[in-house]
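Student: sequence and predicted model, in that order:
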Amino acid sequence: MIIVAALYKFTAFPDPAALRGPLLDLCVAQGVRGTLLLAGEGVNGTIAGSRAGIDAVLSHIRGLPGCADLDWKESTSETMPFGRMKVRIKREIVTMGVPGTDPRSLVGTYVDPADWNALISAPDVAVIDTRNDYEVAIGSFRGAVDPETASFRDFPAWWAANRDRFHNKRVAMFCTGGIRCEKSTAFLKAQGVEEVYHLKGGILKYLEEVPEDQSLWDGGCFVFDERVAVGHGLQPLPHQLCRACRRPILPEDRARPEFEEGVQCHLCVGDYSDEDRARFRERQRQIKLAEARGETHLAIR
């Protein structure tokens, strides 16, 4: 069984580029795959591998500056959900694009999964889903506001246009694993919102700990690996990934007339040019050739 670990930590890395090589080398040596992002504000990512491999990488990360109390969430997969290992240097470990937004200095109120239902059921609480539109489309908490943002970068502009809707409201926010809420919480507090709450550990921790018969979550939770989506108990759901637009689709969507493997689905049929689709067809051909050789093409996560 493959162990999948989702992690993040906001901390100061004066020279994140110097951390990249040793971290990547260790992951490769341990057979660990996935993506880790390093920035001046910390580390973020999801990795998968054997129990020993994941433990070795987590131990290394905990030894980085300010990461001794690193928290992470684990689930399992019957197959390796990533095709390769990437360690990338970024300006932000989760990109909001608002300079000075620091979750270490402006912190909202963390809410444990066991207490989340009571909070979001209160009449004076507005619940906001901070994820992207394609993630919200397959599942969310009942009654949550969907900002319909294509990117987390769009969240500050959405808030500026909609903040009057939440006058005299307490604001509760959630995301997949908690990291986007750290940034959005700091942003709202900097905007003068006094009572801001966020789900500790994100949707993944809620689905792991809250029994399904007590849950206020409907649908699936999109995850950024080959499992595509998980449900209660972090069990994989039947969603698959459109290799063109990277959005989740259901097995029955493959029977739609718009669907062409690796080229388009009903969600993105009008998004690409003929040149794009020709390029996608060639990529799909190369993926199939790699599969026939028993290899994983680089287009696969």
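Tutor: On my side now, so go ahead.

Student: CA only for contacts and neighbour counts going forward, please
Tutor: Fine.

Student: low-confidence ranges, this structure, go.
Tutor: 296-301 (pLDDT under 70).

Student: that one: helices as residue ranges?
Tutor: 16-29, 51-62, 113-120, 133-136, 155-162, 179-190, 202-209, 274-292 (DSSP state H).

Student: give me the helices and strands touching the fifth one, please.
Tutor: I take that to be helix 155-162. With contacts defined as 3 or more C-alpha pairs under 8 Å, 6 or more residues apart in numbering; DSSP states H and E, helix 155-162 has no helix or strand neighbours.

Student: give me that answer again for 10 Å
Tutor: helix 179-190 (3 or more C-alpha pairs under 10 Å, 6 or more residues apart in numbering; DSSP states H and E).

Student: can you check the first one too?
Tutor: Secondary structure elements in contact with helix 16-29, counted by 3+ C-alpha pairs under 10 Å, 6+ apart, are strand 33-39, strand 42-49, helix 51-62, strand 85-89.

Student: would you mark the buried spots in that helix?
Tutor: P16, L19, R20, L23, L24, C27 (16 or more other C-alpha atoms under 10 Å).

Student: what of stretch 150-161?
Tutor: In stretch 150-161, the ones that count as buried by 16+ other C-alpha under 10 Å are F152, F155, P156, W159.

Student: out of the residues you listed, which is nearest to R246?
Tutor: F152 (16.1 Å; C-alpha to C-alpha).

Student: and the residue nearest to the closest one when sequence neighbours are not counted, how many neighbours?
Tutor: Ranked by C-alpha to C-alpha, 6 or more residues apart in numbering and with sequence neighbours excluded, the top spatial neighbour of F152 is M96, at 5.7 Å. For M96, the count of nearby residues is 18 (other C-alpha atoms under 10 Å).

Student: contacts only, for E252.
Tutor: P238, H239 (C-alpha atoms under 10 Å, 6 or more residues apart in numbering).

Student: residue contacts, V127?
Tutor: Applying C-alpha under 10 Å, 6+ apart, the residues near V127 are 119-121, 141-146, 166, 169-174, 197-198.

Student: that one bridge partners, please.
Tutor: Beta-bridge pairing for V127 (DSSP bridges): A172.
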